[in-house]
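Novice: 3D, please:
(one chain, ligands or ions: 2)
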Amino acid sequence: MAQVPTITLNDGRSIPQFGIGVWQVSTDDIVPTVSKALEVGYRHIDTAQGYQNEEGVGEAIAASGIARDELWVTTKLANGKHERSDAVAELKTSLAKLRLDYVDLYLIHWPTPNSGDYVETWRGMQDCLEQGLAKSIGVSNFQPDHLDKIISETGTTPAVNQIEVHPTFANQAAVDGSLKHGVRVEAWSPLGLGSDLKSPEIGEIAARVGKTPAQVILRWHLQKGYIVFPKSVTPARIEENFQVFDFELTADDLAAIDALDEGNRTGPNPDTFG
Ligand SMILES: NC(=O)C1=CN([C@@H]2O[C@H](COP(=O)(O)OP(=O)(O)OC[C@H]3O[C@@H](n4cnc5c(N)ncnc54)[C@H](OP(=O)(O)O)[C@@H]3O)[C@@H](O)[C@H]2O)C=CC1
Ligand SMILES: O=C(O)C(=O)[C@@H](O)[C@H](O)C(=O)CO
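Specialist: Ligands and ions are numbered 1, 2, ... in the order given. Below is the predicted model:
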């Protein structure tokens, strides 16, 4: 089985750099999808309260028989649950669905800066950490000023910031605003929801290195140091996406893919969402 690289986070914990994301995986598909991924060798699963599939993730994990300490499970606190006391309460609900005693990583899903106080939410995440319900805590969709604010007001730095990043959307300001604090970047929609696979430049690199466009894009993420978890419900693609640890892109290939950035944000803007 391929060896997935790990990254040491700023809290000292080691996260598998590669996993599977399960946004938009339906109730019918979630157990077979996670089971297939675990069979292939994935050990990192990215879900959220909002994906409404935590029960299926828990069912697949329980059925796998894989030891808890070999798995990395991330879930996220829903928007609209941003009071400090919500974090522990909502995480307990997620843990029951996941059939787990703790998650490896708990994230504030969106800052929702216009409808709540994300600094108080962040204090609630610290409560989850202190109670042992989450081993690491982080944020998602935080812009540089959101990150600066929670760090300066609480003194606690998130382990990761999960943000939209793919070849046609470098999201460089948010990447730089995270890395300057030692916050690792998790790249969501790493394939641009599939749209970046059509790029002729990526197709050319794929043909030359004997890999698929998806594998080339995922390799670009890995070599840029991003933590990445493509979603697929298609068994052959779940296998294909995992075959990315046996080749390297050159510096020129990386630069050519970097040059595809055209500000193509596919999801909501964190400054105005929620
Ligand atoms: N924090 C946040 O706000 C967000 C977090 N995320 C996280 O990031 C994860 C990944 O992002 P996501 O938005 O799902 O999108 P991705 O960029 O991972 O793209 C998923 C799409 O690509 C297709 N696909 C996957 N692999 C291949 C392949 N090898 N060849 C061709 N097509 C392929 C899938 O099809 P099919 O399934 O039919 O095979 C699906 O349509 C999410 O599942 C979630 O965990 C995502 C969005 C926001
Ligand atoms: O998938 C997630 O984690 C999300 O937050 C998305 O549902 C997001 O709201 C979105 O629309 C991304 O395109």
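Novice: which residues in the chain form strands?
Specialist: 6-8, 14-16, 20-21, 44-46, 72-77, 103-108, 134-140, 160-164, 184-188, 227-228 (DSSP state E).
Novice: Could I get those in TSV, plus columns for mean neighbour count, distance to ligand 2 and mean pLDDT?
Specialist: In this view, the C-beta of every residue, glycine as well, is placed from N, C-alpha and C. Output for the strands of the chain, formatted as TSV (neighbours: other C-beta atoms under 10 Å; distance: least, C-beta to the nearest ligand atom, whole Å; pLDDT from 0 to 100):
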stretch	mean neighbour count	distance to ligand 2	mean pLDDT
strand 6-8	14	21	98
strand 14-16	17	18	98
strand 20-21	24	8	99
strand 44-46	25	9	99
strand 72-77	26	7	99
strand 103-108	26	9	99
strand 134-140	25	7	99
strand 160-164	25	7	99
strand 184-188	25	7	99
strand 227-228	27	14	98
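Novice: Now render those as JSON lines, adding distance to G274.
Specialist: As requested, the strands of the chain are arranged in JSON lines below (distance: least, C-beta to C-beta, whole Å):
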{"stretch": "strand 6-8", "distance to G274": "28"}
{"stretch": "strand 14-16", "distance to G274": "26"}
{"stretch": "strand 20-21", "distance to G274": "20"}
{"stretch": "strand 44-46", "distance to G274": "19"}
{"stretch": "strand 72-77", "distance to G274": "12"}
{"stretch": "strand 103-108", "distance to G274": "11"}
{"stretch": "strand 134-140", "distance to G274": "12"}
{"stretch": "strand 160-164", "distance to G274": "15"}
{"stretch": "strand 184-188", "distance to G274": "16"}
{"stretch": "strand 227-228", "distance to G274": "23"}
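Novice: Return the residues in contact with Y42.
Specialist: V4, F18, G19, I20, I238, F242 (C-beta atoms under 8 Å, 6 or more residues apart in numbering).
Novice: To what extent is the third one buried, counted in neighbours?
Specialist: Going back to what we said before, that points to G19. Counted by other C-beta atoms under 10 Å, the residues lying close to G19 total 24.
Novice: In CSV: the strands of the chain, plus distance to ligand 1.
Specialist: Shown next, in CSV, are these (distance: least, C-beta to the nearest ligand atom, whole Å):
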stretch, distance to ligand 1
strand 6-8, 17
strand 14-16, 14
strand 20-21, 2
strand 44-46, 4
strand 72-77, 6
strand 103-108, 7
strand 134-140, 4
strand 160-164, 5
strand 184-188, 3
strand 227-228, 8
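Novice: who in the chain is up against ligand 1?
Specialist: 21-23, 46, 109, 140-141, 162, 188-194, 197, 214, 229-234, 237, 240-241, 267 (C-beta under 6 Å from any ligand atom).
Novice: just the buried members of these?
Specialist: Buried positions within the residues of the chain next to ligand 1, assessed by neighbour count (16 or more other C-beta atoms under 10 Å), are 21-22, 46, 109, 140-141, 162, 188-193, 197, 214, 229-233, 237, 240-241.
Novice: Now, the residues you listed that are in helices?
Specialist: Judged by DSSP state H, the subset of those located in helices is A214, R237, E240, N241.
Novice: now those in CSV, with pLDDT?
Specialist: As requested, these are exported to CSV (pLDDT from 0 to 100):
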residue, pLDDT
A214, 98
R237, 98
E240, 98
N241, 98
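Novice: what two of those have the greatest distance between them?
Specialist: Based on C-beta to C-beta, the longest span within those runs between A214 and R237 and measures 7.2 Å.
Novice: contacting residues for T6?
Specialist: By C-beta under 8 Å, 6+ apart, the neighbours of T6 are S14, I15, P16, Q17.
Novice: if you skip the residues just before and after it, what's nearest to the residue nearest the centre of the chain?
Specialist: With distances taken as C-alpha atoms, centre = their mean, E186 lies nearest the centre of the chain, 4.8 Å away. Counting by C-beta to C-beta, 6 or more residues apart in numbering, E186 lies nearest to Q162, which is 3.9 Å off, once chain neighbours are set aside.
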